[in-house]
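>>> structure here, sequence nowhere to be found:
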């Protein structure tokens, strides 16, 4: 297929572009490079530096591109920042996405795949989380993603544009060429590896008194290549709808740190702080529907393999992409 990927210079976007190209799809990338990296752009893809706020330019580009599908990653995704600056999130994640939806309609796009988030569930009352679990976001980031899911429903109803929204949990790991480089870094695995590299003094554990096996939060970690596989499969999803992506099993903060110590051979110091507001004890996905309807078959569910892939990339790029 001829696929347009927005946010293809970002962490998950770059790995998905690589995966699509390796499976003989043609790919064009639109990215503003506000948070993405030029060095994370796969050289086999066409790259256009463009912000989704450039409505007329974007619509013209999609209409002329003969694209069959769009995979939409471009979004701001820092929960804390969204609580401080909600307008930034609603403008970028929603208003700008309307431009992309209108471009998709104008370009007669057959399939629209949206990279959504488990943050739409807020503090879920059940675990594992199902697609039918009530969506009650507790921050503007999650709300902005949920709002776009609702917009996709209406664009499907009114314009007949098929869509797939993928709600996933903690992306982690790296492909051979592309890994995780955020500023600031907020994700546990790269933070732990920074500590292993001596780039930070220790890893902060926010709460060790949760009702879990070791008192620390449990999360569902997914390798980015498995996420990439899911996004590619969603291009030909049998219906419009929503799918959770996860391994169905979780790992605690302490478990991740201990495995990282074993993988890296480094000591990795920790410090324990108080709980962060809004952190659930356990977030695990029920991905039965994605496995059944999309034929999704994650291949990297072992946490050691996930961390090892991130460590191998970190050793090749110790300070990240260095293009900012």
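Thanks, I have it. All figures in this text were calculated on a predicted structure; none of them were measured in a lab. Numbering: from 1, shown residues only.

>>> just give me the longest helix of the protein.
Ranked by residue count, the top helix of the chain under DSSP state H comes out as helix 140-159.

>>> which other residues reach that one?
75-79, 82-83, 86, 89-90, 93-94, 97-98, 101, 104-105, 112, 114, 116-117, 119-122, 135, 137, 161-163, 165, 240, 242 (C-beta atoms under 8 Å, 6 or more residues apart in numbering). Where you see a C-beta, it was placed from the backbone N, CA and C, and this is true even at glycine.

>>> now do stretch 47-64: distance to the chain's middle.
22 Å (C-alpha atoms, centre = their mean, to the nearest Å).

>>> tell me where the stretch 1-150 of the chain has strands.
2-6, 26-31, 46-49, 69-72, 111-115 (DSSP state E, counting those that start in this stretch).

>>> export the ones you listed as a markdown table, with columns for mean pLDDT, mean neighbour count and distance to residue 131.
As requested, the strands of the stretch 1-150 of the chain are arranged in a markdown table below (pLDDT from 0 to 100; neighbours: other C-beta atoms under 10 Å; distance: least, C-beta to C-beta, whole Å):
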| stretch | mean pLDDT | mean neighbour count | distance to residue 131 |
| --- | --- | --- | --- |
| strand 2-6 | 98 | 24 | 24 |
| strand 26-31 | 98 | 23 | 28 |
| strand 46-49 | 98 | 14 | 34 |
| strand 69-72 | 98 | 26 | 19 |
| strand 111-115 | 98 | 25 | 14 |
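
>>> same list, those, but as TSV with distance to residue 261 please.
Output for the strands of the stretch 1-150 of the chain, formatted as TSV (distance: least, C-beta to C-beta, whole Å):
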stretch	distance to residue 261
strand 2-6	36
strand 26-31	35
strand 46-49	38
strand 69-72	36
strand 111-115	31
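
>>> so which of the ones you listed comes closest to residue 169?
strand 111-115 (12.6 Å; C-beta to C-beta).

>>> could you list which of the contacts of helix 140-159 belong to helices?
Reading helices off those with DSSP H, I get 79, 82-83, 86, 89-90, 97-98, 101, 104-105.

>>> could you identify the most distant pair in those residues?
Pairwise over these, using C-beta to C-beta, the maximum falls at 83 and 105, 32.7 Å.

>>> closest to residue 286 among the ones in helices among the contacts of helix 140-159?
The closest of these, once distances to residue 286 are taken by C-beta to C-beta, is residue 79, at 22.5 Å.

>>> quick one, what contacts the closest one?
Taking C-beta under 8 Å, 6+ apart as the test, what residue 79 contacts is 119, 139, 141-142, 186.

>>> quick check: closest non-adjacent residue to residue 223.
residue 300 (3.6 Å; C-beta to C-beta, 6 or more residues apart in numbering).

>>> circling back to that earlier point, weed out the non-buried ones from the contacts of helix 140-159.
Listed as buried from the contacts of helix 140-159 are 75-79, 82, 89-90, 93-94, 97, 101, 104-105, 112, 114, 116-117, 119-122, 135, 137, 161-163, 165, 240, 242; burial here means 16 or more other C-beta atoms under 10 Å.

>>> which SSE is the residue in the chain sticking out farthest from the centre in?
Residue farthest from the centre of the chain, counting by C-alpha atoms, centre = their mean, is residue 267 at 29.1 Å. Take DSSP states H and E as the rule and residue 267 turns out to sit in neither a helix nor a strand.

>>> I'd say it and residue 261 touch.
Yes - with contact defined as C-beta atoms under 8 Å, residue 267 counts as touching residue 261 (6.9 Å).

>>> give the residues shared as contacts by the two.
What both residue 267 and residue 261 touch, as defined by C-beta under 8 Å, 6+ apart, is an empty set.

>>> what helix or strand is the residue nearest to residue 223 on?
Counting by DSSP H and E, residue 300 is part of no helix or strand.

>>> right, I'll call it a day here.
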